[in-house]
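Colleague: Predicted model and sequence follow; I will ask about them next.
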Amino acid sequence: MYGNGLRTFSIATVAALAVALSLVAFYAPLDADQGFVQKIFYLHVPLSIVALCGFIAGGVFAIAHLRSGNRRWDAYSYVCIHLSVIYGVGVLITGSIWAKASWGHWWVWDEPTLVSFLIVFLMYATYYPFRYAIEDPERQARYASVFAVTAGAFVPLNFLAVRLAESLVHPRVFATTGGGLPGSMMLTFLVSLIAMALLWVTLVKFELTAKSASGQLKRLRRALNAPAPGSSSRVAPEVS
Amino acid sequence: MTPSRVAFAAILGKDLRAELRTLQSLPAMALFAVTTFVIFRFGLDRTSLSGSMASGVLWATLLFASLLAINRLFVAEREEGGFDAIRLAPIDRSALFAAKGAALLVYLSVLELIVVPIFFVFFLDSATALLPLAAVLLLANFGLAATGTLISSMAVNSRARDLLAPLVLLPLVIPLMIAATSASEPLLAAGGVSYDRFGTWLLVLGLYDLVFLLVGYAVFDFLLED
């Protein structure tokens, strides 16, 4: 049942990515200051926005799990956090490339958004060792949800603290009113954002489908009394 | 149902009495902190510290010393069956969170009462910063106690207990450390105490405390279900 709509989502994602990349390459104007390098912005910023939203979604699913006790929400929360961590690696790498190109260093400590994102990434990177150190699957799910809720509360606090610690604040790409971007850049950015979000949703669906299939396989094996070959102690959440 | 107040007092009293009789955590934390100061003296090759250097050394040391207590906070509950007893007792589970947090708060405060004067004697010329610094220490202790209790109660029930609490706690307290070090930095400045953005940082500390006390209170029940 998790496979429903997977094909539609995949096709939509490929189409959106193709449109977004061609807009980035051929339509969006070159930035007056930074030139071609600025185009990584269309990759970096959507990735980070989708990753942060994914972390929040992970927290929301975790609350749903704690309230209802239904393990399916825990699997949703796990998959959201998992893919957002992978997106997070992409954010840090693209951000680093951008920093090297525009400021001359691979890492810049006085860019608050980049530093905040690193700290958030480090926080969520501990989700895996934490989760897999708990053996009992039911307790593992509960503790992982508590982690996801706690980390969700941590994200805004962290952005606040890092931002305040910066004496000089860099100009934001988006001004708080109206948006500082010309229309063609804004359009390209929005299309990229939609493409990245679609990619994220499709990947979430893929992982959930795979988990539900392997869960079904395990149940079938158990019913046939044939133990799974090479079962590992790392019990990823199963979807029923 | 026993009132939460009674349960809270009983658990806190038990913890403090056990610590007084066994002296397991506090002397170790104090020794660890003082030794760390000595290591910083040689690591940084400085005989006196001021400003950001002083606040960094102080907070890094206090944070790592507090990890010792946080790691041990629930060990007795786990090994002697205290968790089962709490689960059986007709009390609100949040009382355990509050009592353990309060015990950790007491440990941290006692640690700082011992260690911060030593830090001042070692590295600083005047003690005028002590009073405003006490406010920062107190607010940071609340935050550390809230997050430390929450993470410790989860880590103690896992396979990799001693490893897990520091691993998860360190990123979680980064905002707290940013606020605490930034608040202490002007207090310890070389030219005497200044209150540059002191109020802002106290507010951030207070906000952090509030958020994690509420989160801890909200989720702690789920950690004891079994």
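Modeller: All right, it came through fine.

Colleague: Identify the residues contacting the spatially most central residue of chain B.
Modeller: By Cα atoms, centre = their mean, chain B has its centre lying nearest to B:L144, at 4.2 Å. Counting by Cβ atoms under 8 Å, 6 or more residues apart in numbering or on different chains, B:L144 makes contact with B:L63, B:S66, B:I70, B:L104, B:L108, B:V173, B:L176. The way it works is simple: take the backbone N, C-alpha and C, and place the C-beta from them, glycine included.

Colleague: at 7 Å instead, please
Modeller: By Cβ atoms under 7 Å, 6 or more residues apart in numbering or on different chains, the residues touching B:L144 are B:S66, B:L108, B:V173, B:L176.

Colleague: Equivalent analysis for A:H65, please.
Modeller: A:W73, A:D74, A:S77, A:A141, A:S145.

Colleague: go again using 10 Å as the cut-off
Modeller: By Cβ atoms under 10 Å, 6 or more residues apart in numbering or on different chains, A:H65 lies in contact with A:71-78, A:141-142, A:144-146, A:148-149, A:237, B:222.

Colleague: cool, B:F122 as well?
Modeller: Residues counted as contacts of B:F122 (Cβ under 10 Å, 6+ apart) are B:V34, B:F37, B:V38, B:F40, B:R41, B:T47, B:S48, B:L49, B:V57.

Colleague: Tell me which of those fall in helices.
Modeller: Of the contacts of B:F122, the ones assigned to helices by DSSP state H are B:V34, B:F37, B:V38, B:F40, B:R41, B:V57.

Colleague: Show me the one in the residues you listed that has more neighbours than the rest.
Modeller: Counting neighbours by other Cβ atoms under 10 Å in any protein chain shown, B:V57 comes out on top of the ones in helices among the contacts of B:F122 with 24 neighbours.

Colleague: Please go through the chain and pick out the longest helix.
Modeller: In the absence of a named chain, chain A is used. Assignment by DSSP H gives helix A:183-223 as the longest helix of chain A.

Colleague: Let me rephrase: I mean chain B.
Modeller: In chain B, taking DSSP H as the definition, the longest helix is helix B:94-123.

Colleague: Mind checking the pLDDT average for the very next helix or strand once past that helix?
Modeller: Sequence order places helix B:130-155 as the next helix or strand after helix B:94-123, per DSSP states H and E. Helix B:130-155 carries an average pLDDT of 93.

Colleague: Quick one: distance of helix B:130-155 to the chain centre.
Modeller: 4 Å (Cα atoms, centre = their mean, to the nearest Å).

Colleague: any idea of the pLDDT on the closest residue to A:Y78 other than its chain neighbours?
Modeller: Closest residue to A:Y78 apart from its sequence neighbours, by Cβ to Cβ, 6 or more residues apart in numbering or on different chains: A:P237 at 4.8 Å. You'll see A:P237 listed with a pLDDT of 70.

Colleague: quick one: A:P237 is in a helix?
Modeller: No: using DSSP: H, G, I helix; E, B strand; the rest coil, the secondary structure at A:P237 is coil, not a helix.

Colleague: which parts of stretch A:66-76 are buried?
Modeller: The neighbour-count check on stretch A:66-76 (16 or more other Cβ atoms under 10 Å in any protein chain shown) flags A:L66, A:R71, A:R72, A:W73, A:D74, A:A75, A:Y76 as buried.

Colleague: The strand or helix carrying the fourth one packs against which elements?
Modeller: Counting by DSSP H and E, the element that carries A:W73 is helix A:71-103. Other elements packing on helix A:71-103 under the criterion 3 or more Cβ pairs under 10 Å, 6 or more residues apart in numbering or on different chains; DSSP states H and E are helix A:41-68, helix A:112-125, helix A:127-132, helix A:137-165, helix A:183-223.

Colleague: what residue ranges in the chain are flagged as low confidence?
Modeller: Went with chain A since none was named. In the predicted model of chain A, residues A:1, A:32-34, A:167-180, A:227-236, A:238-240 satisfy pLDDT under 70.

Colleague: Chain B is the one I meant
Modeller: In chain B (pLDDT under 70), the answer is B:1, B:226.

Colleague: Not counting sequence-adjacent ones, nearest residue to B:V110?
Modeller: Once flanking residues are discounted, B:V110 sits nearest to B:L26: 5.9 Å by Cβ to Cβ, 6+ apart.

Colleague: was I right about the one you found contacting B:Y107?
Modeller: Yes: counting by Cβ atoms under 10 Å, B:Y107 is a contact partner of B:L26 at 6.1 Å.

Colleague: and for these two, which residues touch both?
Modeller: Residues touching both B:L26 and B:Y107 (Cβ under 10 Å, 6+ apart) are B:E19, B:A65, B:L68, B:A69.

Colleague: can you redo those residues as JSON lines with neighbour count and secondary structure?
Modeller: Below are the shared contacts of B:L26 and B:Y107 laid out as JSON lines (neighbours: other Cβ atoms under 10 Å in any protein chain shown; DSSP: H, G, I helix; E, B strand; the rest coil):
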{"residue": "B:E19", "neighbour count": "19", "secondary structure": "helix"}
{"residue": "B:A65", "neighbour count": "26", "secondary structure": "helix"}
{"residue": "B:L68", "neighbour count": "21", "secondary structure": "helix"}
{"residue": "B:A69", "neighbour count": "24", "secondary structure": "helix"}
